[in-house]
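>>> sequence and predicted structure below; questions after.
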Amino acid sequence: MIEKELIVLNRAGIHTRPAATLVKLTSRFKSEIFLVKDGFEINAKSIIGVMTLTAEQGSVLTIKIKGEDEQEAFNSIEILFKNKFEED
């Protein structure tokens, strides 16, 4: 199991487009993937869940990944966050 923190770097935070991009990415993996913000845990493969996080710029999210492709999933998600969801 991987459990690490990621920071939302893009100016607009995780609004509709970045949420959809994240869900599309996480859905490619077999592993269970969850995001945690302020003690609230959501399934990162759920667009509704990701939208309810209201993660603005600077938010610290904990990502939890468990499964056979967890390292590949984490690497891909980390790149997405570091690239600011290709927005900035």
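Perfect, I can see it now.
>>> name the nearest residue to residue 53, sequence neighbours excluded.
residue 37 (4.9 Å; CB to CB, 6 or more residues apart in numbering). Where C-beta positions appear, they are placed from N, C-alpha and C, glycine not excepted.
>>> one more: residue 23?
According to CB to CB, 6+ apart, the nearest residue to residue 23 is residue 47 (4.9 Å).
>>> do residue 80 as well
Leaving aside its chain neighbours, residue 80 sits nearest to residue 25 (6.0 Å; criterion: CB to CB, 6+ apart).
>>> quick one: contacts for that neighbour?
By CB atoms under 8 Å, 6 or more residues apart in numbering, the contact list for residue 25 reads 76, 77, 80.
>>> and the gap between the residue lying farthest from the centre of the chain and residue 1?
Going by CA atoms, centre = their mean, the residue of the chain most distant from its centre is residue 68, 18.1 Å out. Distance, residue 68 to residue 1, by CB to CB, to the nearest Å: 12 Å.
>>> what of residue 31?
From residue 31 to residue 1 the distance is 9 Å (CB to CB).
>>> who's more crowded, the two?
residue 31 (20 against 9; other CB atoms under 10 Å).
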